[in-house]
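A.B. asks: structure, please.
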Amino acid sequence: MSSSSSSSVSDNAGSTVPNTLRVATAPAAPAVVHGINIQSRVPIVLDLNEANYTAWVRAFAAVFGQYGLGNHIDGTAPPQGDYDWVQNDCAIMSWLYNRLAPDLLTAVSTDDDTAYSLWRGVRKIFHDNRSARAVYLNAKFRTFLQGDLSVLAYCTRMKAMADRLGDLGFPITNTDLVQNIIRGLNPRLHHYVSHLTLCKRLPSFHEARSMVQMEEHHLAESAKLQATSALIAQAQRGVQPPPPVYGTTSGSSPSTNTRSSTTSSPSKKKRKKQTTSSGSSSTTPPGSSSSALTGFSPNINPWTGVVQAWPFPAAPRPTAGLLGARPAMSAP
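C.D. replies: As a prediction, the model looks like this:
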């Protein structure tokens, strides 16, 4: 049984097989291949409207390399009379049918499909007019700015565009990618540019992303602390003494205090005299001020209303001989 070649094999589109398929591995048995759940191994559905071709290819390359199926998509001629190879090829075809969007599947499938023909057809669609597509994609890559995106989302988009340019035959080096990421950072992170560029060596993409993410996190935490400190300072500047408690015998209303401090009115002396004469009693006669009593409001006079009193007649003496009898009650 033939195996995948150690050298890269290209098709008419000029694309090479992934690196994981350049090492010869023994193919798995059809029973093992048919038991693979491709949806769990390749969770990506390839779509013309989504920039997920690179991730889709890498996911499939990992499966092909794990089970020794690289010779099914690298252009190797199928061996004659090898039924295991035919069964594995049909299994790969079913995987591709399942992981292609309906419109894309219609564009690449024919009655004479093989795993290699499907794989090559997909690559041709995504590599058509690659020079013109690379021009526009490269222009977008060079002018892309972070804006309101987080550092993670910004770096992820830059990496996706770099991968797509590499798929089109115009690879982006790590230095170029990192420099372009630094160029498009949000102005609030511009102070960190010198820290990245003054290093003895330019950090890798993953290192630069982690460093800028840490700085973004530091700025966010600093902003939270400043906001909290501002609220505390504002609260301290606006602190006022607690208002007096009205309605208690120990306190009085501000208007009463003002009047007592400015003038010495006769009513105050009268109230003081009444309080001394009443002793410990907390009740006041009708018409007097009740604002100093607990539970009373100065605007409400609880003594208003009509009070009626009726005399109760004296009970007659019981009649002799009728002791124990209930005395008769006279009508009022």
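
A.B. asks: any idea which helix or strand carries Asn88?
C.D. replies: Under the criterion of DSSP states H and E, Asn88 resides in helix 83-98.

A.B. asks: buried ones in stretch 107-127, by neighbour count?
C.D. replies: 108-109, 113-123, 126-127 (16 or more other C-beta atoms under 10 Å). C-beta coordinates here come from the backbone N, C-alpha and C atoms, glycine included.

A.B. asks: what lies in contact with the helix holding Asn88?
C.D. replies: Here helix 83-98 makes contact (C-beta atoms under 8 Å, 6 or more residues apart in numbering) with 1, 27-30, 33-34, 36, 38-39, 42, 60, 63-64, 69, 72-73, 78-79, 105, 109, 113-115, 118-119, 122.

A.B. asks: I'd like the next helix or strand past that helix.
C.D. replies: Downstream of helix 83-98, the first helix or strand assigned by DSSP H and E is helix 102-108.

A.B. asks: which residues of the stretch 1-150 of the chain fall in helices?
C.D. replies: 30-34, 38-41, 53-66, 83-98, 102-108, 115-127, 130-143 (DSSP state H, counting those that start in this stretch).

A.B. asks: circling back to that earlier point, next, the buried residues of the helix holding Asn88.
C.D. replies: Neighbour counts over helix 83-98 (16+ other C-beta under 10 Å) mark Trp85, Asn88, Asp89, Cys90, Ala91, Ile92, Met93, Trp95, Leu96 as buried.

A.B. asks: closest to Val212 out of the buried residues of stretch 107-127?
C.D. replies: Among these, Phe126 lies closest to Val212 (C-beta to C-beta), at 30.8 Å.

A.B. asks: next up, the contacts around that closest one.
C.D. replies: Phe126 touches Tyr53, Asp167, counting by C-beta under 8 Å, 6+ apart.

A.B. asks: I'd like the distance between it and Asn52.
C.D. replies: 10 Å (C-beta to C-beta, to the nearest Å).

A.B. asks: check Leu177 too.
C.D. replies: 19 Å.

A.B. asks: what does Ile172 give?
C.D. replies: Distance from Ile172 to Asn52, counting by C-beta to C-beta: 18 Å.

A.B. asks: between those two, which is the more surrounded one?
C.D. replies: With other C-beta atoms under 10 Å as the criterion, Ile172 and Asn52 differ in neighbour count, and Ile172 comes out ahead with 19 against 15.

A.B. asks: so that one: helix, strand or coil?
C.D. replies: Reduced to three states with DSSP: H, G, I helix; E, B strand; the rest coil, the structure at Ile172 is coil.

A.B. asks: that one: what's it in contact with?
C.D. replies: Contact partners of Ile172, counting by C-beta under 8 Å, 6+ apart, are Phe141, Ala162, Leu165, Gly166.

A.B. asks: now do 6 Å
C.D. replies: Ala162, Leu165 (C-beta atoms under 6 Å, 6 or more residues apart in numbering).
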